[in-house]
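Chemist: Show me how the following folds:
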Amino acid sequence: MATINYTKRLENIQSRKFDRELNESVLSKTFSSREIPENVKYLAESMRKIE
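Modeler: Residues are numbered from 1 along each chain as shown. Got it, this is the predicted structure:
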């Protein structure tokens, strides 16, 4: 079974959720927390709607 690279997946989410017009990210505070494991961050951020 292949290992999932959550670091790369989080980088992809971060680039998709960056508003170039406002020059800011639209990620939640969960994304920047060091206490939350990457797999949980990925789950939380991937389920949030991109506006």
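
Chemist: Show me the helices in the chain, by range?
Modeler: 6-16, 29-32, 38-47 (DSSP state H).

Chemist: Serialize those to a markdown table and add fields for mean neighbour count, distance to residue 22 and mean pLDDT.
Modeler: From N, CA and C alone the C-beta is placed, and that goes for glycine too. Shown next, in a markdown table, are the helices of the chain (neighbours: other CB atoms under 10 Å; distance: least, CB to CB, whole Å; pLDDT from 0 to 100):
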| stretch | mean neighbour count | distance to residue 22 | mean pLDDT |
| --- | --- | --- | --- |
| helix 6-16 | 13 | 15 | 86 |
| helix 29-32 | 12 | 17 | 73 |
| helix 38-47 | 14 | 18 | 84 |
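
Chemist: Could you dump those into CSV with distance to residue 23 added?
Modeler: Listed next are the helices of the chain as CSV, based on distance: least, CB to CB, whole Å:
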stretch, distance to residue 23
helix 6-16, 14
helix 29-32, 17
helix 38-47, 20
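
Chemist: What is the burial count for residue 22?
Modeler: 8 (other CB atoms under 10 Å).

Chemist: Give me the nearest residue to residue 18, chain neighbours excluded.
Modeler: The shortest distance from residue 18 to any non-neighbouring residue, by CB to CB, 6 or more residues apart in numbering, is to residue 25 (5.2 Å).
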